[in-house]
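**Q** Sequence and predicted structure are below.
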Amino acid sequence: MDRVPKTTICLWFDRAAEEAATFYARTFPGSSVGAVHRAPGDYPNGKQGDAMVVEFSVLGIACIGINGGPVFGHSEAFSFQVATADQAETDRYWDAIVGNGGKESQCGWCKDKWGLSWQITPTALTKALGASDAAARKRVFAAMMGMKKIDIAAIEAARLA
């Protein structure tokens with residue numbers, strides 16, 4: 001990264017910060033890997049030359065990955081929410097995350113293979129859940145609750161039913 005951002009998301013990894021950053025940069029436009037700071041010597045959980053801190057961005061959001069060992073893991077208390085324009089974009093991100101060792105969850109949530117949570121959220125869902133028609137919102141909500149990956153056609157059908 002050329003400039004130091006005022007705020008940076010810091011993500012703790014066991015040992016895979018560089019691998020995760022590279023995956024995010026390949027998967028999401030506007031993402032990149034910056035500096036990789038390597039250990040100057042051996043340490044309790046690693047060797048000289050291991051990646052210790054990785055600077056990267058995800059969809060333009062500045063992040064730092066720290067390879068801090070197995071002490072802390074990711075939880076659903078933090079997630080990246082990615083707004084998608086259509087089903088193809090929704091499918092592409094979902095399939096990339098889940099297909100790379102990740103896991104499906106409910107209502108558009110999934111986890112990548114490092115345990116980081118993602119919400120792949122079509123803008124059609126957000127708009128449908130904000131509709132002025134309370135009955136339509138209720139139908140959309142009920143449809144979403146039965147989904148893992150969001151199906152935009154099913155959301156639209158529920159909204160219009």
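**A** Looks like it came in fine. Predicted model, so just to flag it, every value in this text is computed and none were measured. Residues are numbered from 1 along each chain as shown.
**Q** wait, what's in contact with A77?
**A** If you count contacts by C-beta atoms under 8 Å, 6 or more residues apart in numbering, A77 has none. Glycine gets a C-beta too; all of them are placed from N, C-alpha and C.
**Q** which SS state does it fall under?
**A** coil (DSSP: H, G, I helix; E, B strand; the rest coil).
**Q** how about it, phi and psi?
**A** A77 adopts backbone torsions of phi -70, psi -20, taken as degrees, to the nearest 10.
**Q** any idea how far it is from S117?
**A** 8 Å (C-beta to C-beta, to the nearest Å).
**Q** Over to V4?
**A** According to C-beta to C-beta, V4 and S117 sit 27 Å apart.
**Q** likewise S79?
**A** 4 Å.
**Q** Residues that sit against both of those two, list them.
**A** W109.
**Q** Neighbours of M147, how many?
**A** A count of nearby residues for M147, using other C-beta atoms under 10 Å, gives 15.
**Q** which one is it nearest to, not counting chain neighbours?
**A** The spatial neighbour of M147 that comes closest, neighbours along the chain excluded (C-beta to C-beta, 6 or more residues apart in numbering), is C107 at 6.5 Å.
**Q** Thanks again, I'm all set now.
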